[in-house]
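Participant: Sequence first, predicted coordinates after that:
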2 protein chains.
Amino acid sequence: MTTLLDALRATVGAAHVLHDGDLSAYEVDWRKRYRGRALAVVRPGSTAEVAAVVRLCREHGTSLVPQGGNTGLVGGGVPDDSGRQVLLSLGRMQRIRQIDADNLTLTAEAGCVLQTLQQAAGEAGLLFPLSLAAEGSCTIGGNLASNAGGTQVLRYGNARELCLGLEVVTPQGEVWDGLSGLRKDNTGYDLRDLFIGSEGTLGVITAATLKLHPRPGATMTALAACGSIEACVALLRRARQRLDAGLTGFEVMERFALDLVAKHFSTLPQPLPAARWTVLLELAAPDEAQARALLEAVLGEALESGEVDDAVVAESLAQSQALWHLRESIPLAQAEEGLNIKNDIALPVSAIPGFVTEMADTLRALVPGIRLVTFGHLGDGNLHYNLQAPQGESAAAFLAQHEAALNQRVYDAVMARGGSFSAEHGIGALKRGELARRKSPVALGMMRAIKQALDPDGLMNPGRLLGP
Amino acid sequence: MTTLLDALRATVGAAHVLHDGDLSAYEVDWRKRYRGRALAVVRPGSTAEVAAVVRLCREHGTSLVPQGGNTGLVGGGVPDDSGRQVLLSLGRMQRIRQIDADNLTLTAEAGCVLQTLQQAAGEAGLLFPLSLAAEGSCTIGGNLASNAGGTQVLRYGNARELCLGLEVVTPQGEVWDGLSGLRKDNTGYDLRDLFIGSEGTLGVITAATLKLHPRPGATMTALAACGSIEACVALLRRARQRLDAGLTGFEVMERFALDLVAKHFSTLPQPLPAARWTVLLELAAPDEAQARALLEAVLGEALESGEVDDAVVAESLAQSQALWHLRESIPLAQAEEGLNIKNDIALPVSAIPGFVTEMADTLRALVPGIRLVTFGHLGDGNLHYNLQAPQGESAAAFLAQHEAALNQRVYDAVMARGGSFSAEHGIGALKRGELARRKSPVALGMMRAIKQALDPDGLMNPGRLLGP
């Protein structure tokens, strides 16, 4: 293996081939659920270097694991424990190649941190709307490889919808320049969307041309108290109808989720402490007066019709941020409460009330006292449906005893309603068994045929997504 | 071949296997540029029948050509002249399977006519925004197979962006049920987008789950006179910034295009007869008062800044329709004027002024007196850049002498600026040579590998898109 390491050093510089010492920043995922061991961590500085590294690995029959910010949630970006895979870190590829304001596009290299791109778009007076908790450290390459979602999907779509073109190094070490900045291009198969969400198993995304949007003149946030999940869905329908693309966020939080926030972050104000379900609505409009008028009109109608029992509209940016902070504090409050079972599921919006009601009964019958932390992006049909041990019981014992069985019950119910067992987090290592079991054999057969066609030697992130 | 015909008759019913008589409605494209001859026209009535037909053809080594409304522009849906292909018409599969108002989705079979789906959505108080000239006869299956564009792409995207899930019969005659109504589903490779735009070469789309949108409270249309294409781009930038998702249409029409309309449709009012470039803007807003206020504010600013020389805002729905009618009359006026060379190109919006100016000089130097008909969806970077014979010269002679050479000059310039030689019409038979010549070898290699992986026997629409 000295030969490969020497060749890699000659290609990217010895300083960028990490072999000895503590490589845990690369070999262990940030939740510390996956620990691998790499032959080496290689940090190329350009697309040509990525291609050269892939060709070298190919010559040596060595597989590669591409990695961005190492913020994934499913173990898709850490090596296995063989010590024989090359971890390909894209972190040095941080160049913003172009911002085209008339075309509303930004072209950036894979290693750019998401927040850096948001800021660059902002400095050009524009908006790159992809936004998620890890935005300070995740990279755009990883966002695209995993088709990241986040808080602005309702209005702007997933990472997929925000990408117009890609540059990719193929498993053969060739460079595909698909960095199109076009809204329309019907010249052959849609390779772009095949690579988006493929989790590094078909090639290495080295750069992307992204869609920018105008910055809204004003945004406004409100909280609404609903008596049931059915009322939340009715409010969503009304808000969409009245606000159309102006509706940029629609998050739901069940009482217990906010009770956990109250318990662990008692200084955070909770404006609607009695609400069974709390909805956070966010609206964008050309100016603040219009935003307020629209939001108050919708909430007024919803109060009158009985969908909403009470509501507050933020009076300032600080108040808006405080409302969002409440929503964002739920995962943190859960962590304070102890280990829990996380589910990242999607359903047709119309199926969510039935799922939430029946699933609660089922799970409480299975594990008396189980505490359900239900919240998420209702506007996208995406719930973070998390399960916490009964009050006073050991979280570790709860997980050890119940995690596998409860996950199966949740996924069974989700699939029966036409849902997804991985809405925005992907498959990686965590859910590859689930994919093999639950995806239709016809779909799996096509996926395997595509993997075989593009990466016949299985060099790109083997064992992930379609893994054994 | 009697055996195959008999088996097909036994599968779909003798009445739905057309073998004798005039089959030109299926064998000739509507522009009469492509004429083929089919072994038989088979009209299955269900997904199971489509699958059975594919399996039968497979057993007999007979290739299939899927066809929807036969309104394509590139000869992708008519058989070759061998008389040995089965033309698979999806026209009988017309069921709307579901409208889910809370989930904002509509599930329909491939043979549904686009207008029928628009109407069904409208009756549910919702909007299916895909809209194009052939909407009265094109089918949703064909729209998806060709990733159709149209007039609402700026706001709502192409057919691709309006589809959440597909049902597909594979080349092996299996049914893939991918009819997801989910906004988020990161479980494996994006097969949906691979089939969208694949022009029937990877399988047969039999049904789709489509995104619906709220109906805008009000829409409003205006015309603006700009002195240059640069001013049009500046107006687009301003309109996007101020109107954001409210801007639903932004079409440009060069003077000569509207002069042709004046010549052949002299009763159509032209409110800005002196404009060098005319822009049609369409805005959606929650109500008419807001729509008018926003549109007048944008146009007022643009007049002040000098981007716009004059403008008119439609005072009624009838006036709005008259302004759109002007735009829609350009292709008809061109046809009245005589045969012409049609180009469906896309460019980054920022590259359009340079292209338009330089290309005009180049073409006029090559063919003195050549008349350029420049119009299209500037908001999408999509121009219909058409070339008409010099005044008084034979159109047929012009085409015969210049079509190939002029196309190459146009495409060369488009590609040099990062554009596309087929923005919304696809490849089919017409542009397969162009695709083979102009697409990067790396991209073509991946496309061919995918085709080989999914359709190893080349049974699905052979010779189209990736054809010889």
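Facilitator: Good, I have the coordinates.

Participant: Name the surrounding residues that touch the one helix or strand A:Asp259 maps to.
Facilitator: Assigning secondary structure by DSSP states H and E places A:Asp259 in helix A:255-264. Under the criterion Cβ atoms under 8 Å, 6 or more residues apart in numbering or on different chains, residues A:268, A:270, A:273, A:275-278, A:326, A:329-330, A:332-334, A:336-337, A:371-375 lie in contact with helix A:255-264. For the C-beta atoms, the positions are set from N, CA and C on the backbone; glycine is no exception.

Participant: These, buried ones only, as a ChimeraX selection?
Facilitator: Selection of buried members from those for ChimeraX, criterion 16 or more other Cβ atoms under 10 Å in any protein chain shown:
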select /A:270,275,276,277,278,326,329,330,333,334,337,371,372,373,374,375
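
Participant: So which of the contacts of helix A:255-264 would count as near chain B as well?
Facilitator: The subset of the contacts of helix A:255-264 lying close to chain B, counting by Cβ under 8 Å from any Cβ of the partner chain, is empty.

Participant: Now, the contacts of helix A:255-264 that are in helices?
Facilitator: Among these, the ones falling in helices (DSSP state H) are A:326, A:329-330, A:332-334, A:336-337.

Participant: Including distance to B:Asn407 and pLDDT, could those go into JSON lines?
Facilitator: Listed next are the ones in helices among the contacts of helix A:255-264 as JSON lines, based on distance: Cβ to Cβ, whole Å; pLDDT from 0 to 100:
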{"residue": "A:Leu326", "distance to B:Asn407": "59", "pLDDT": "95"}
{"residue": "A:Ser329", "distance to B:Asn407": "60", "pLDDT": "95"}
{"residue": "A:Ile330", "distance to B:Asn407": "58", "pLDDT": "95"}
{"residue": "A:Leu332", "distance to B:Asn407": "60", "pLDDT": "93"}
{"residue": "A:Ala333", "distance to B:Asn407": "63", "pLDDT": "95"}
{"residue": "A:Gln334", "distance to B:Asn407": "61", "pLDDT": "94"}
{"residue": "A:Glu336", "distance to B:Asn407": "66", "pLDDT": "94"}
{"residue": "A:Glu337", "distance to B:Asn407": "66", "pLDDT": "94"}
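
Participant: Tell me the one of those residues nearest B:Pro66?
Facilitator: For those, the minimum distance to B:Pro66 (Cβ to Cβ) is 48.0 Å, reached by A:Ile330.

Participant: pretty sure the closest one contacts A:Phe375?
Facilitator: Yes. Taking contacts as Cβ atoms under 8 Å, A:Ile330 lies within contact range of A:Phe375: 5.3 Å.

Participant: Tell me the one among the ones in helices among the contacts of helix A:255-264 nearest to chain B.
Facilitator: A:Ile330 (18.4 Å; Cβ to the nearest Cβ).

Participant: and that closest one, what does it touch?
Facilitator: A:253, A:257-258, A:260-261, A:373, A:375, A:384.

Participant: let's see it at 6 Å
Facilitator: Going by Cβ atoms under 6 Å, 6 or more residues apart in numbering or on different chains, A:Ile330 touches A:257, A:261, A:375.

Participant: Next, format the residues you listed as CSV and append pLDDT.
Facilitator: Converted to CSV, the contacts of A:Ile330 look like this (pLDDT from 0 to 100):
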residue, pLDDT
A:Ala257, 97
A:Val261, 97
A:Phe375, 96
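
Participant: ok, so of these, who is nearest chain B?
Facilitator: For the contacts of A:Ile330, the closest approach to chain B (Cβ to the nearest Cβ) belongs to A:Phe375, at 15.1 Å.

Participant: Can you tell me the closest non-neighbouring residue to A:Ala148?
Facilitator: Spatial nearest neighbour of A:Ala148, excluding adjacent residues (Cβ to Cβ, 6 or more residues apart in numbering or on different chains): A:Ala159 at 4.6 Å.

Participant: right, and the one you found touches A:Asn143 too?
Facilitator: Yes. Applying Cβ atoms under 6 Å as the test, A:Ala159 and A:Asn143 come out as touching, 4.8 Å apart.

Participant: Comparing the two, which residue is more hemmed in?
Facilitator: With neighbours defined as other Cβ atoms under 10 Å in any protein chain shown, A:Ala159 and A:Asn143 compare such that A:Asn143 has more, 31 against 26.

Participant: distance between the ends of stretch A:376-396?
Facilitator: End-to-end distance for stretch A:376-396, by Cα to Cα, to the nearest Å: 25 Å.

Participant: Same question for stretch A:104-123.
Facilitator: Taking Cα to Cα, stretch A:104-123 runs 13 Å from one end to the other.

Participant: quick one: is it near chain B?
Facilitator: No. Stretch A:104-123 lies out of reach of chain B by Cβ under 6 Å from any Cβ of the partner chain, never closer than 7.1 Å.

Participant: Can you list the buried residues in that stretch?
Facilitator: Buried residues in stretch A:104-123, counting neighbours by 16+ other Cβ under 10 Å, are found at A:104-114, A:116-118, A:120-121.

Participant: just checking, which of the residues you listed belong to strands?
Facilitator: Counting by DSSP state E, the buried residues of stretch A:104-123 place A:105-109 in strands.

Participant: For the residues you listed, give me a markdown table that also has pLDDT and distance to B:Gly249.
Facilitator: As requested, these are exported to a markdown table (pLDDT from 0 to 100; distance: Cβ to Cβ, whole Å):
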| residue | pLDDT | distance to B:Gly249 |
| --- | --- | --- |
| A:Thr105 | 98 | 21 |
| A:Leu106 | 98 | 25 |
| A:Thr107 | 98 | 27 |
| A:Ala108 | 98 | 30 |
| A:Glu109 | 98 | 35 |
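
Participant: Next, name the residue at the spatial heart of chain A.
Facilitator: The residue lying closest to the centre of chain A (Cα atoms, centre = their mean) is A:Ala148, at 3.5 Å.

Participant: Can you tell me how far the residue nearest to A:Ala148 is from B:Gly354?
Facilitator: To B:Gly354, A:Ala159 is 31 Å away according to Cβ to Cβ, to the nearest Å.

Participant: So what pairs up with A:Glu282 in the strands?
Facilitator: Beta bridges link A:Glu282 to A:Thr221, A:Gly249 when assigned by DSSP bridges.

Participant: Contacts only, for A:Arg155.
Facilitator: A:Arg155 makes contacts with A:Thr248, as judged by Cβ under 6 Å, 6+ apart.

Participant: Three-state assignment for it, please.
Facilitator: Using DSSP: H, G, I helix; E, B strand; the rest coil, the structure places A:Arg155 in helix.

Participant: Identify the farthest-apart pair in the buried residues of stretch A:104-123.
Facilitator: Farthest-apart pair in the buried residues of stretch A:104-123 is A:Leu104 and A:Gly111; separation 22.9 Å (Cβ to Cβ).
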